[in-house]
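My questions concern the predicted model and sequence given below.
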Amino acid sequence: MGLFGLLLVLHILASIAIIGPAFVLPIIRRSARTVGQLHFAFGITTKLAIMPKIGGAILILTGVWLMIIAKMGLSQMWLNVSILLSLLIVVMIDGWIEPRMKKIIKIISESQDLGNEIPAEFGLLIKKIVPIETAAQLLMIAILVLMVVKPF
């Protein structure tokens, strides 16, 4: 396997490190029924949050390197669209989802002493995040399709 093949494998593994948590962690969070379960779910979320950050850095580095090796540059429309969608996902996650998640984590940590009942405020905040997470997930699927199919 040459350098191109190795970079491609690293690029794919990095995308898995991003996509996996983005699809699984919201499901784990939404399945919690008690404050203890929520606390556990958010603990997992916090610990696994490093994977998409490391994966994102590796994804960018390997992607740029692959573009250089293939002498592709930004001449492919599917690549340009993929990059723009990726930037949109970063804005969605860092600008909208993470700040709301910090509020939710604070509420959960404060309500841990109040018993097992999940605070009503939690449900309202989660309902605001769900459409943003769903949009980010759909954008990830679109990017994946663009990277595999290369339609234009």
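That came in fine, so what should we check first?

Could you check how far the nearest residue to Lys128 once chain neighbours are set aside is from Ala136?
Distances taken as CB to CB, 6 or more residues apart in numbering place Arg100 nearest to Lys128, at 6.3 Å, with adjacent residues excluded. Just so you know, the C-beta spots here come from the backbone N, C-alpha and C atoms, and that holds for glycine as well. Here the distance between Arg100 and Ala136 works out to 13 Å (CB to CB, to the nearest Å).

now swap in Met101 and tell me
In terms of CB to CB, Met101 sits 13 Å off from Ala136.

ok so, going back, and the residue nearest to Lys128, how many neighbours does it have?
As a burial measure, Arg100 scores 15 neighbours (other CB atoms under 10 Å).

what's the answer for Val149, then?
Val149 has 9 neighbouring residues, counting by other CB under 10 Å.

got any ranges where the protein has weak pLDDT?
Across the chain, the ranges flagged by pLDDT under 70 are 112-115.

now the helices for it?
Taking DSSP state H as the test, the helices found in the chain are 3-31, 35-48, 50-69, 77-91, 98-110, 120-149.

Check the offset of the third one from the chain's centre.
Spelled out, that is helix 50-69. Computed by CA atoms, centre = their mean, to the nearest Å, the chain-centroid distance of helix 50-69 equals 14 Å.

and the gap between the residue nearest in space to the middle of the chain and Met72?
In the chain, the residue lying closest to the centroid (CA atoms, centre = their mean) is Ala22, at 3.8 Å. Noted for Ala22: a distance of 26 Å to Met72, by CB to CB.

Could you do Glu121 as well?
According to CB to CB, Glu121 stands 49 Å off from Met72.

cool, and Gly63?
10 Å.

Look at those two and report which has more neighbours.
The neighbour comparison of Gly63 against Met72 (other CB under 10 Å) goes to Gly63, with 20 against 11.

Contact partners for the residue nearest to the more buried one when sequence neighbours are not counted?
The shortest distance from Gly63 to any non-neighbouring residue, by CB to CB, 6+ apart, is to His11 (6.1 Å). By CB atoms under 8 Å, 6 or more residues apart in numbering, His11 lies in contact with Ile58, Leu59, Thr62, Gly63, Leu66.

gap between Lys103 and Gly43?
Counting by CB to CB, the gap from Lys103 to Gly43 is 17 Å.
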